Structure formats: C-alpha cells, structure tokens
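K.L.:
I need the structure of the sequence given here:
(one chain, ligands or ions: 1)
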Amino acid sequence: MNPKAVQKLSYGVYIVSSKKEGKINGQIANTVFQITSEPPTLAVSINKLNLTHEYIKESRVFTVSVLSKEAPMTLIGNFGFKSGRDIDKFKEVKFRQGVTGAPIVEEKTIAYLECKVIDSIDVITHTVFIGQIIECDTIGEEEPMTYAYYHQIKGGKSPKTAPTYVKEEAKEVKKDRYTCKVCGYIYDPERGDPDSGIKPGTAFEDLPEGWTCPICGASKNEFEKAG
Ligand code: FE
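P.N.:
Numbers count the residues shown, from 1 in each chain. Down below sits the predicted model:
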C-alpha cells in the first residue's frame with residue numbers, strides 16, 4: 001500500500017458545530033460529503049475524542065459552515081487546534097443559532113447546512129454521522145476553501161485527531177523557518193503572516209514580541225528553528 005495514494009483525494013474546510021444542554025461547540029472538519037440528494041443527506045466523520053462528537057451524539061443535530069478562501073488562520077486555529085473543553089470557541093466569533101439550535105458561523109462563511117442525525121457508523125477512532133439536511137442556504141459568493149488551498153497556500157497543518165492526518169516525514173527545511181512546537185505551523189519568512197499584517201520577507205527574529213502563532217495562538221518563544 002502506498003499511503004501517498006490517499007493523499008490524492010480532495011476535501012473542503014468546514015466548521016461542524018453542535019449543541020448540548022444549552023452549550024455550543026464546533027470544530028474544523030474536512031470530511032463532509034453530500035451522499036444522497038433525495039432525501040438530501042450528508043456524512044461527516046468526527047473523532048470520538050472531540051467535544052463536538054459528544055455534543056452531536058447527545059443532541060442528534062449538527063451544522064456545517066462552509067468556509068471561504070478568505071477565512072483567516074486565526075479562525076481555523078480557533079476551531080481546529082483548540083478544545084471547547086478549555087475555551088468558549090464562539091466567544092469572539094459572529095454566529096447565530098439555526099433551526100436546530102446548533103450554531104452557524106457567520107464569519108468568512110459562504111454557506112451553511114443544518115442536519116439532523118438519521119444514522120451513524122462506528123469506525124473505531126471516529127464516528128461517521130449521517131445527517132438529513134433540514135435547512136441550508138448560501139450567505140456569500142466567495143470561493144470555498146479547499147483542503148489543498150489550506151495546506152499549500154495558507155501553510156496550514158492538521159491535528160492528530162483529523163481523519164486524514166498523516167505523520168509528516170522529515171523534509172529538508174530551509175533553516176530560516178521556525179516551527180510552532182504546539183501545532184506544527186511553520187513560519188516561513190518568504191510568506192510572512194499576511195493575516196496578522198506581517199509582510200512577506202520578514203525574518204522570524206524581526207516579528208514583533210506580541211506576535212503569536214496564527215493557528216494555535218502560541219507565543220514566539222514556543223517556536224523552534226525548523227530542520
Ligand atoms: Fe501553533
């Protein structure tokens with residue numbers, strides 16, 4: 001088996017959210033697919049360790065917010081590299097509650113889908129939830145973010161709990177790059193960090209002291225020289 005074959009599959013980048021006893025939570029997911037049109041159903045694969053898994057299992061509802069290419073790394077980091085057990089992920093995020101009561105993200109979101117769970121499949125580390133779409137709409141015209149765009153253009157990483165996580169092999173890395181020890185994000189001076197106003201060509205040493213990892217929010221001293 002050549003593991004590179006599965007890396008040729010394409011995905012999007014979504015925020016899957018749910019609720020439980022008046023509380024709400026959401027997480028980044030790339031494995032969201034429409035599987036039938038009549039009735040309209042989606043499948044989503046969620047790691048059993050994630051809080052959103054617990055919420056979906058309990059409330060039997062979830063929403064999918066489709067992110068645009070314009071979504072900043074801070075938004076993706078908030079939902080993808082932090083846990084709702086530690087923070088309120090929606091505290092600083094514009095959202096509304098849909099007909100299911102689960103939250104719909106209204107920042108850099110171009111469409112949303114609300115689902116009620118009609119079935120689920122246990123796949124050891126994850127559960128695949130099958131949801132019937134009960135409400136959906138478009139709210140923006142920008143292009144959707146793809147998983148490839150997130151990785152190649154935005155320099156994004158995947159947490160170990162992602163369904164498509166692959167352990168990265170040691171690659172030859174230019175020595176002026178720095179890696180976040182918390183989430184694996186690599187600061188590349190050639191790219192800078194435009195989401196935080198850092199221009200391309202800015203050396204790591206020249207980043208302002210208050211600069212933090214655009215994905216997980218770790219401070220500068222949590223970085224180490226790459227390679
Ligand atoms: Fe980080």
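
K.L.:
going forward, measure contacts between C-alpha atoms and count neighbours the same way
P.N.:
Will do.

K.L.:
Provide a list of residues in contact with residue 148.
P.N.:
The contact partners of residue 148, taken as Cα atoms under 8 Å, 6 or more residues apart in numbering, are 10, 11.

K.L.:
Any chance of the backbone angles for it?
P.N.:
With angles defined as degrees, to the nearest 10, residue 148 sits at phi -60, psi -40.

K.L.:
Against residue 16, how distant is it?
P.N.:
19 Å (Cα to Cα, to the nearest Å).

K.L.:
quick one: the helices in this structure?
P.N.:
Along the chain, counting by DSSP state H, helices occupy 51-59, 73-80, 147-152.

K.L.:
Give me the buried positions along the longest one.
P.N.:
I take that to be helix 51-59. 51, 52, 53, 54, 55, 56, 57, 59 (16 or more other Cα atoms under 10 Å).

K.L.:
next one: stretch 206-225
P.N.:
For stretch 206-225, by 16+ other Cα under 10 Å, it's 207, 212, 213, 214, 215, 216, 217, 218, 220, 223, 225.

K.L.:
Inside strands: which ones of those residues?
P.N.:
223, 225 (DSSP state E).

K.L.:
and the longest strand along the chain, which strands flank it?
P.N.:
Ranked by residue count under DSSP E, the longest strand found in the chain is strand 109-123. Strand pairing for strand 109-123, determined by DSSP bridges: strand 61-67 (antiparallel), strand 126-138 (antiparallel).

K.L.:
just those strands: most buried one?
P.N.:
For the strands paired with strand 109-123, the largest average neighbour count (mean count of other Cα atoms under 10 Å) is found in strand 61-67, namely a mean of 29.

K.L.:
Report the rounded mean pLDDT for it.
P.N.:
Model confidence over strand 61-67, given as mean pLDDT, is 98.

K.L.:
who's in contact with that strand?
P.N.:
By Cα under 8 Å, 6+ apart, strand 61-67 touches 13-19, 56, 100, 102-105, 108-117, 131, 144-145.

K.L.:
what angle do that strand and helix 51-59 make?
P.N.:
Put simply, strand 61-67 runs at 140 degrees to helix 51-59, going by axes from the mean of the first three to the mean of the last three Cα atoms, to 10 degrees.

K.L.:
which residues sit in contact with residue 47?
P.N.:
Counting by Cα under 8 Å, 6+ apart, residue 47 has contacts 53, 125, 126, 127, 161, 162, 163.

K.L.:
I'd say the third one and residue 52 touch.
P.N.:
Okay, so that is residue 126. No - the criterion here is Cα atoms under 8 Å, and residue 126 misses it with residue 52 at 11.7 Å.

K.L.:
tell me, what's touching these two both at once?
P.N.:
residue 46.

K.L.:
Can you add distance to the ion and give the helices of the chain back as TSV?
P.N.:
Below are the helices of the chain laid out as TSV (distance: least, Cα to the ion, whole Å):
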stretch	distance to the ion
helix 51-59	20
helix 73-80	8
helix 147-152	14
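
K.L.:
Now distance to residue 67 too, for the ones you listed, in TSV please.
P.N.:
Formatted as TSV, the helices of the chain follow (distance: least, Cα to Cα, whole Å):
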stretch	distance to residue 67
helix 51-59	18
helix 73-80	9
helix 147-152	11
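
K.L.:
Any stretches of the chain with poor pLDDT?
P.N.:
Where the chain drops to pLDDT under 70, the residues are 168-175.

K.L.:
how about the residue nearest in space to the middle of it, what does it touch?
P.N.:
Closest residue to the average C-alpha location of the chain: residue 28 at 2.7 Å, with Cα atoms, centre = their mean. By Cα under 8 Å, 6+ apart, the residues touching residue 28 are 13, 14, 15, 16, 76, 79, 80.
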